[in-house]
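Colleague: Show me the folded form of this:
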Amino acid sequence: MKTSEELAASIHSLTRTLIEQAQEGELSSFYETLRLREQVLSELETHTQVSGNNERTEMLLLESRTLNEQLQQSLTEEQKKLLDERSKLQRGDKMRKAYGDNQ
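Modeller: Predicted structure coming up:
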C-alpha cells in the first residue's frame, strides 16, 4: 500500500502530465491520464494510514491544486483555439457555397 505522500506525489506528477498533454493536444492520452489521476485521488481520499510526513503530503497537494489551475487555463486556451479554427472553417465553407452558387 502506498503512503499518503506517495499518492500525493503521483497526483502531482499526473497533473503535470495532464498539462503537457493538454498543451500538445494529445486528447486520447489526456483522458487516460485524467482517469488514472482520478483513481489515485480516490485512493488518497480513502487512505487511512497516518503518516509522519503530513506536511509534505499537504505541500504536494497544494502544488497539485495550483497545477490544476494551470491545467484549466491550458484547456480553456486549447478550447478557444479549436473554436477559432472551427469558425474559420465554417466561414470558408460559407464562402465556397456562396462562390459556387454564383457560377
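Colleague: how about low-confidence regions in the chain?
Modeller: Counting by pLDDT under 70, the chain contains low-confidence ranges at 48-53, 101-103.
Colleague: let's go with 80 and repeat that
Modeller: Within the chain, the ranges that satisfy pLDDT under 80 run 1, 46-54, 101-103.
Colleague: for the residue nearest the centre of it, what are its contacts?
Modeller: The chain has Leu18 as the residue nearest its centroid, 4.2 Å off, counting by C-alpha atoms, centre = their mean. Residues near Leu18 by C-beta atoms under 8 Å, 6 or more residues apart in numbering: Phe30, Thr33, Leu34, Arg37, Leu71. All C-beta atoms are positioned from the backbone trio N, CA, C, and that covers glycine.
Colleague: Looking at the residues you listed, state which has the most neighbours.
Modeller: Taking other C-beta atoms under 10 Å as the neighbour criterion, Leu71 ranks highest of those with 22 neighbours.
Colleague: Summarise which helices and strands the helix or strand hosting that residue is packed against.
Modeller: Under the criterion of DSSP states H and E, Leu71 resides in helix 54-101. When contacts are defined as 3 or more C-beta pairs under 8 Å, 6 or more residues apart in numbering; DSSP states H and E, helix 54-101 packs onto helix 4-24.
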